[in-house]
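**Student:** build me a model from this:
(chains A, B, C and D)
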2 protein chains.
Amino acid sequence: MIQDILKRNQLSVTEGRKKILELFLNSQGALAHADIEKKTGENFDRVTVYRTLQTFVEKGIIHLIPTTDNSILYALCKDNCEAGHHHDNHVHFVCNNCNNTICLEEVTVPQVKLPAGFEPRHAEMVVNGICGDCK
Amino acid sequence: MIQDILKRNQLSVTEGRKKILELFLNSQGALAHADIEKKTGENFDRVTVYRTLQTFVEKGIIHLIPTTDNSILYALCKDNCEAGHHHDNHVHFVCNNCNNTICLEEVTVPQVKLPAGFEPRHAEMVVNGICGDCK
DNA sequence: AATAAATTTGCAATATTGTTGCAAGTATTT
DNA sequence: AAATACTTGCAACAATATTGCAAATTTATT
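**Tutor:** Next up is the predicted model:
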């Protein structure tokens, strides 16, 4: 399963990539670089984590989630993402209590009408509040 | 004018704060920490910039804009923001050409229907594409 | 207007985060 | 099983962010 995802994306199957991909598959929400470093423990070099995440983003295995706190969040893309062409147009939810970030795959980012002259390409939406588990 | 804003927010009026606030008033869009450091030249210490921005955010003079590139953008809040309670619910536009970020004060972030259990508090929306000046 | 009190600044030190080149190691191909 | 291609870790470095504290500036008080 994990191997398949890597192979499908023309990536060689290495311990590091398997481990990090597994982390994403086993976690509900999004992960930051720091999370991944913590959870992989002493197993990998920091540099490897950076490079692996970068590779995964390029291949469309994971996508970026914008934040206001000087970090980048990464979350797994669903099956219909292809390299270079993400279909991650869903809303992200950040819980103010547990601090988890969750992809709301079912909720599509709505279109907005922009003032004259602006030509939109892509839109991101992040909602925060309290998630179901924390109520 | 600049002094008024500071006083209204119970901040002492210092050179640094005046200068940085002026920068925001004179710029259309959003500014990153690095922009501010560049534009204030040699006048202030990096630490002062950090602390000033933090203070402005706390007082509601400026607000944060989420990004996916590990930086934080700051933009001026319009008059109806109060400390601790922002009314900055407008869409932000990032131009892929000139890289400017603009507050679309007229465009309100639309409400979305969340899955059961999720309780929204605040929503951010960032649209990117090409701005009027770049077309 | 001068002084006292409160706040802010800059410096220095430190911590954290991100990047690059290159040799050694591992995975894939033949 | 060997050759090739790719990935990793190390080391060095660069950039970014944080903290304590003394000096300087601003505000409040008399």
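
**Student:** for the top strand by length along chain A, buried residues please.
**Tutor:** Secondary structure of chain A per DSSP state E: the longest strand is strand A:119-130. Across strand A:119-130, burial judged by 16 or more other CB atoms under 10 Å in any protein chain shown covers A:123-130. The way it works is simple: take the backbone N, C-alpha and C, and place the C-beta from them, glycine included.

**Student:** now the strands: where do they sit in chain A?
**Tutor:** Counting by DSSP E, the strands of chain A are A:31-32, A:62-65, A:73-76, A:90-95, A:101-108, A:119-130.

**Student:** what residues does chain A have near DNA strand C?
**Tutor:** Proximity of chain A to DNA strand C, by CB under 7 Å from any atom of the strand, involves residues A:7, A:12-15, A:33-34, A:46-47, A:50-51, A:71-72.

**Student:** for stretch A:109-123, C-alpha coordinates in CSV please.
**Tutor:** Provided in CSV are the C-alpha atoms of stretch A:109-123 (Å, rounded to 0.1, in the frame of the first residue of the first chain):
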residue,chain,number,x,y,z
VAL,A,109,-13.8,26.4,-1.4
PRO,A,110,-16.6,28.7,-2.6
GLN,A,111,-16.1,31.1,-5.5
VAL,A,112,-16.1,34.8,-4.8
LYS,A,113,-16.7,37.7,-7.0
LEU,A,114,-13.7,39.9,-7.3
PRO,A,115,-13.5,43.5,-8.2
ALA,A,116,-12.9,44.3,-11.8
GLY,A,117,-9.4,43.6,-13.1
PHE,A,118,-8.6,40.8,-10.7
GLU,A,119,-8.2,37.4,-12.4
PRO,A,120,-8.3,34.5,-9.9
ARG,A,121,-6.4,31.2,-10.3
HIS,A,122,-6.6,29.4,-7.1
ALA,A,123,-8.3,30.0,-3.7
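
**Student:** which residues sit against it?
**Tutor:** A:89-91, A:124-125, B:91, B:93, B:96, B:104, B:106-107, B:109-110, B:112, B:125-133, B:135 (CB atoms under 8 Å, 6 or more residues apart in numbering or on different chains).

**Student:** low pLDDT regions in chain A?
**Tutor:** The model of chain A has pLDDT under 70 over residues A:79-88.

**Student:** need the distance between the two termini of stretch A:19-35.
**Tutor:** Start and end residues of stretch A:19-35 are separated by 13 Å (CA to CA, to the nearest Å).

**Student:** ditto for stretch A:97-106
**Tutor:** By CA to CA, the extent of stretch A:97-106 from end to end equals 22 Å.

**Student:** going by neighbour count, list what's buried in it.
**Tutor:** A:100-104.

**Student:** and which of those residues is nearest DNA strand C?
**Tutor:** Nearest to DNA strand C among the buried residues of stretch A:97-106 is A:T101, at 15.7 Å by CB to the nearest atom of the strand.

**Student:** would you tell me which helix is longest in chain A?
**Tutor:** Longest helix in chain A, counting residues (DSSP state H): helix A:46-59.

**Student:** and that helix, C-alpha only, in PDB?
**Tutor:** Provided in PDB are the C-alpha atoms of helix A:46-59 (Å, rounded to 0.1, in the frame of the first residue of the first chain):
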ATOM      1  CA  ARG A  46      16.500  16.900   9.500                       C
ATOM      2  CA  VAL A  47      17.600  17.400   6.000                       C
ATOM      3  CA  THR A  48      16.000  14.200   4.800                       C
ATOM      4  CA  VAL A  49      12.700  15.300   6.300                       C
ATOM      5  CA  TYR A  50      12.900  18.600   4.400                       C
ATOM      6  CA  ARG A  51      13.700  16.900   1.200                       C
ATOM      7  CA  THR A  52      11.100  14.200   1.500                       C
ATOM      8  CA  LEU A  53       8.400  16.700   2.200                       C
ATOM      9  CA  GLN A  54       9.500  18.800  -0.700                       C
ATOM     10  CA  THR A  55       9.500  15.700  -3.000                       C
ATOM     11  CA  PHE A  56       6.000  14.700  -1.800                       C
ATOM     12  CA  VAL A  57       4.600  18.100  -2.500                       C
ATOM     13  CA  GLU A  58       6.100  18.100  -6.000                       C
ATOM     14  CA  LYS A  59       4.600  14.700  -6.700                       C
END
